[in-house]
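> starting from these lines, generate the structure:
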Amino acid sequence: MSRVGSATYDSMCQGCAAGKFSTSSNVATCTECPVGRSQGTVGQTQCTLCADGTGAPSAGSAGCGTCAAGTFAGTAQTSCQPCTAGKYSSSGAHGCTSCMAGRFSASASSVKCTVCAAGKWSTAGVTECTACHPGQFSTEAAAQCTVCPSGAFTAVSGASSCEQCAVGKYVATSGAHHCVAAPVGNFVAALASAVYTQCVAGEYQDQEGMTKCNVCPSGTWAGLPGAEECAPHQQCGTGKEIAEGEAGTATSDTTCKLCDPGYFSDSTEQCKPCAIGFAQSSDGAGSCYECGAGQQTKSKTVGSIGCSSCAAGKASPDNGACVVCLAGSFTATLGADSCQSCDSGKFSATEGATTCDNCPPGKTGQTKGSTECKTCAAGKYMSFAGSFLATCNDCPENTFGDLPGSVTCTACPAGKHQPTIGRWDCVDVPTTTTAAVALTGQTNATNATFPCPRWMESTDYSNYDSENLPPCASR
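Numbers count the residues shown, from 1 in each chain. Predicted coordinates:
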């Protein structure tokens with residue numbers, strides 16, 4: 001007969017061997033410890049459950065074995081189980097540990113996790129790492145990707161670092177996939193720039209992606225920052241000049257002003273005074289004008305602002321200067337273009353005459369433009385002003401004129417006569433003719449009656465003033 005913890009073998013009671021047990025007496029055989037339990041002592045009535053991290057993978061185990069790294073055994077588990085991918089364990093583990101963020105395990109039964117390579121990242125317990133997106137980067141063992149800062153970029157997935165923007169380019173936002181070329185009118189001089197810089201006034205840039213701006217060439221300007229091109233300075237042109245101190249610079253345009261009266265500009269951008277004999281009364285003129293006939297410039301020097309009419313006694317043909325009329329000529333009105341010669345019977349003795357004088361009685365003037373009249377010779381006379389005869393009248397018979405310039409002739413006194421005309425004296429009357437002479441001669445020369453000159457016998461009265469006819473008797 002056997003007791004508990006033993007069995008009867010060949011009629012003999014023997015204790016159950018290690019790895020076995022019996023709970024009843026009088027049994028023929030002992031029972032093996034089930035999987036997950038063990039018994040290392042002989043003659044036992046039960047098996048012991050394997051502790052966490054150990055296991056009895058087969059029945060009849062005399063002891064529980066420690067779980068190998070990469071496996072585990074928890075409470076009530078009969079054997080060590082492999083860790084799933086994304087987890088790991090060391091030996092004797094009662095459970096698997098998830099790979100921490102930044103690490104992974106790609107297969108089951110992993111004894112450790114693998115670090116995520118630079119350019120990748122992971123959360124905890126994953127079987128693989130994920131590549132960073134463009135615009136991001138990571139170092140190894142990263143739990144997350146880092147966004148590229150402004151001024152840097154990544155163009156591809158899985159970048160381990162960001163690239164700096166090259167000179168001439170920039171990016172203002174973080175997480176950029178690429179950099180942007182500096183727009184026209186601007187530049188980027190430094191690496192990793194987040195902004196571009198405008199060209200200053202006086203400079204320009206007509207291309208994108210440049211590292212500096214260009215100075216405006218001579219003759220051009222840019223007044224505001226950020227210029228794409230420089231504008232040419234304005235040309236003052238006809239009738240204008242550059243205002244004093246206002247010539248164009250790289251940052252300002254040329255300022256023009258109209259030429260003042262008396263000046264002109266023919267597109268040389270500098271006003272010049274009108275030459276002597278020329279004038280200009282308006283501002284902004286492109287040329288000066290000649291004063292023309294009958295006028296002269298108001299100024300005797302350069303830069304005259306206008307013309308004025310020649311005064312009476314002066315004339316201007318076409319050269320812009322009034323000339324004093326010479327003796328023997330005159331102008332009676334303003335603005336004459338030439339001096340007129342004095343008519344026959346008239347004269348002017350001085351320059352600048354405004355009228356001609358009649359030849360006085362006792363003189364005559366046949367030639368036009370005379371500066372003086374011809375004095376009647378002795379024996380001749382001219383009783384009225386303005387005579388234009390070639391010579392003075394001869395004193396008639398029985399009269400005489402003993403002095404030059406006689407206005408009238410004197411009758412021969414009693415006892416004398418003059419049978420010849422144009423004589424300057426009388427002669428004694430012969431005794432045989434005394435009575436006759438006494439009848440024709442007169443002692444009152446003022447009231448004497450003289451024969452009319454031959455020219456007065458004409459019916460043409462257009463050449464003399466009838467009011468000035470001498471006291472004469474028709475033949």
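> CA atoms for contacts and neighbours, from now on please.
Fine.
> Phe187 contacts Gln198, correct?
Yes: under the criterion of C-alpha atoms under 8 Å, Phe187 makes contact with Gln198 at 6.5 Å.
> okay, helices next: where are they in the stretch 201-350 of the chain?
Secondary structure of the stretch 201-350 of the chain (DSSP state H, counting those that start in this stretch): no helices present.
> circling back to that earlier point, looking at Phe187 and Gln198, which is more packed in?
Neighbour count, other C-alpha atoms under 10 Å: between Phe187 and Gln198, Phe187 has more, with 28 against 22.
> may I have the phi/psi pair for that one?
Reported as degrees, to the nearest 10, the phi and psi values for Phe187 are phi -160, psi 160.
> below-threshold pLDDT in the stretch 1-150 of the chain: ranges please.
By pLDDT under 70, the low-scoring segments of the stretch 1-150 of the chain are 1-2, 5, 9-10, 76.
> all helices of it, in order?
Using DSSP H, counting those that start in this stretch, helices in the stretch 1-150 of the chain do not occur.
> got any ranges where the stretch 251-400 of the chain has weak pLDDT?
The model of the stretch 251-400 of the chain has pLDDT under 70 over residues 319-320.
> let's see that with 80 instead.
Low-confidence segments of the stretch 251-400 of the chain, defined by pLDDT under 80: 267-269, 277, 292, 317-321.
> list the buried residues for stretch 378-386?
Residues of stretch 378-386 classed as buried by neighbour count (16 or more other C-alpha atoms under 10 Å): Ala378, Gly379, Lys380, Tyr381, Met382, Ser383, Phe384, Ala385, Gly386.
> then stretch 311-324?
Those would be 311-324, for stretch 311-324 by 16+ other C-alpha under 10 Å.
> take those and keep only those in strands.
Under the assignment DSSP state E, those contribute Lys314, Ala315, Val323, Val324 to strands.
> need the max-distance pair from those residues.
Pairwise distances across those peak at 6.7 Å for Ala315 and Val324 (criterion: C-alpha to C-alpha).
> fine by me, thanks again.
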